[in-house]
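# sequence-free structure coming up:
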């Protein structure tokens with residue numbers, strides 16, 4: 001119970017305004033980082049200087065771009081598409 005409460009409060013943490021510098025990544029960088037996530041994750045296993053998420057970033061817009069990059073460009077929507085399922089089951093769904 002206490003762990004869940006601590007986790008919930010940590011999710012509400014805000015970035016310090018000084019940490020989100022004018023050169024911090026925004027939406028477009030988030031899309032790119034989301035798209036290259038699988039490759040960055042593999043490289044991050046072997047190189048401590050590679051991260052899969054940019055910190056500091058511009059907050060919500062970067063997060064939204066990251067989500068778009070992973071789901072849309074990364075194939076998330078393609079893997080669950082109806083046409084892919086029907087092709088796999090011989091046209092019957």
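Happy to help now that I have it. All values derive from a computational prediction rather than experimental measurement.
# need the helices for this protein, in chain order.
Remark: helices assigned in the chain by DSSP state H are 2-11, 27-35, 37-46, 60-68, 76-79, 82-88.
# which other helices and strands contact the fourth one?
In terms of contacts (3 or more CB pairs under 8 Å, 6 or more residues apart in numbering; DSSP states H and E), helix 60-68 is packed against helix 27-35. (C-beta placed from N, C-alpha, C; glycine too.)
# so how many other residues sit close to the closest residue to residue 70 other than its chain neighbours?
Of all residues not flanking residue 70 in the chain, residue 34 sits nearest, at 4.2 Å (CB to CB, 6 or more residues apart in numbering). A count of nearby residues for residue 34, using other CB atoms under 10 Å, gives 25.
# Look up phi and psi at the nearest residue to residue 58 once chain neighbours are set aside.
Closest residue in space to residue 58, ignoring its immediate chain neighbours: residue 26 at 4.4 Å, by CB to CB, 6+ apart. Dihedral pair for residue 26: phi -120, psi -150, per degrees, to the nearest 10.
# give the contact list for residue 26.
57-58, 61-62, 65 (CB atoms under 8 Å, 6 or more residues apart in numbering).
# Report the buried members of the residues you listed.
57-58, 62, 65 (16 or more other CB atoms under 10 Å).
# Give me the pLDDT for the closest residue to residue 69 other than its chain neighbours.
Nearest residue to residue 69 in three dimensions, chain neighbours excluded: residue 34, at 2.1 Å (CB to CB, 6+ apart). Reading off the confidence values, residue 34 has pLDDT 89.
# do the same with residue 63
On the pLDDT scale, residue 63 is placed at 90.
# okay if I get the contacts of residue 26 as CSV plus distance to residue 72?
Output for the contacts of residue 26, formatted as CSV (distance: CB to CB, whole Å):
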residue, distance to residue 72
57, 19
58, 20
61, 16
62, 16
65, 10
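# Now do residue 60, the pLDDT please.
pLDDT at residue 60 comes out at 88.
# Report how many residues lie close to it.
Neighbours around residue 60, by other CB under 10 Å: 11.
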